[in-house]
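Participant: sequence? don't have it. structure:
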């Protein structure tokens, strides 16, 4: 029997036969044979528990999951462990955001590895500028691509158009969205951010 597509068990996306993992959610793909039709999506056996990401920090966030692919590949090449996470919409009409999270202890190494992709204009020695251009709870204060100053809560850079995220306050410990300014994190219980 010859299969013609592979289907993601998690989200149902279809892929060519040579693809191994779902590009949208990272789920396992299942072969669909020509005479079988569409598979019934059953839960994957032995699904592991979600990892504890309290000691991780978001180094990049976007509304388009495919934007994370080259960044994840760069981190893999640099031997920096990472997790991809989905951040719930800030409200009705706002997109789901996808985050690239790395352990706190590896943030500098991650930023150094990602600097050529995120800010090709930046000098290697000024990689700390990527980290200091983002403030937890406020969002980007400077665009990581063009370096222009950003208004509070900007979802997109007015100078170069880079998607900066929702601008909603997020937890400095786990990156989860906070219900409002001065609120404790509902995901990990961290106290409200300073500011």
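Facilitator: Perfect, I can see it now. This is a predicted model, so every value here is computed, not measured.

Participant: Tell me the bridge partners for the closest residue to residue 22 other than its chain neighbours.
Facilitator: Counting by C-beta to C-beta, 6 or more residues apart in numbering, residue 8 is the residue found nearest to residue 22 once chain neighbours are left out, at 3.9 Å. C-beta coordinates here come from the backbone N, C-alpha and C atoms, glycine included. Here residue 8 sits in beta bridges with residue 29, going by DSSP bridges.

Participant: who are the neighbours in contact with residue 8?
Facilitator: Residues near residue 8 by C-beta atoms under 8 Å, 6 or more residues apart in numbering: 14, 15, 22, 24, 25, 27, 28, 29, 30.

Participant: Redo those as CSV? Include distance to residue 147 and neighbour count.
Facilitator: Shown next, in CSV, are the contacts of residue 8 (distance: C-beta to C-beta, whole Å; neighbours: other C-beta atoms under 10 Å):
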residue, distance to residue 147, neighbour count
14, 40, 14
15, 38, 16
22, 35, 21
24, 31, 15
25, 33, 16
27, 37, 18
28, 40, 12
29, 40, 20
30, 45, 16
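
Participant: Break this structure down into its structural domains.
Facilitator: Following automatic domain parsing, one finds the domains of the chain at 3-33, 52-195.

Participant: Deepest in the core, which of those domains is it.
Facilitator: domain 52-195 (a mean of 17; mean count of other C-beta atoms under 10 Å).

Participant: need the domains of the chain in a markdown table with mean pLDDT, can you?
Facilitator: A markdown table is the format used below for the domains of the chain (pLDDT from 0 to 100):
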| stretch | mean pLDDT |
| --- | --- |
| domain 3-33 | 81 |
| domain 52-195 | 75 |
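
Participant: Now do residue 25 against residue 86, distance only.
Facilitator: Plainly put, residue 25 is 8 Å away from residue 86 if you go by C-beta to C-beta, to the nearest Å.

Participant: same deal with residue 111?
Facilitator: On the measure of C-beta to C-beta, residue 111 and residue 86 end up 22 Å apart.

Participant: Look up the closest residue to residue 116, ignoring the ones flanking it.
Facilitator: residue 74 (8.0 Å).

Participant: Is the one you found within a helix or a strand, and which one?
Facilitator: Assigned by DSSP states H and E, residue 74 belongs to helix 68-77.

Participant: who does that helix touch, helix- and strand-wise?
Facilitator: Here helix 68-77 touches strand 56-62, strand 97-103, helix 107-118, going by 3 or more C-beta pairs under 8 Å, 6 or more residues apart in numbering; DSSP states H and E.

Participant: To residue 190, which of those lies closest?
Facilitator: Nearest to residue 190, of all the helices and strands packed on helix 68-77, is strand 56-62, at 12.2 Å by C-beta to C-beta.
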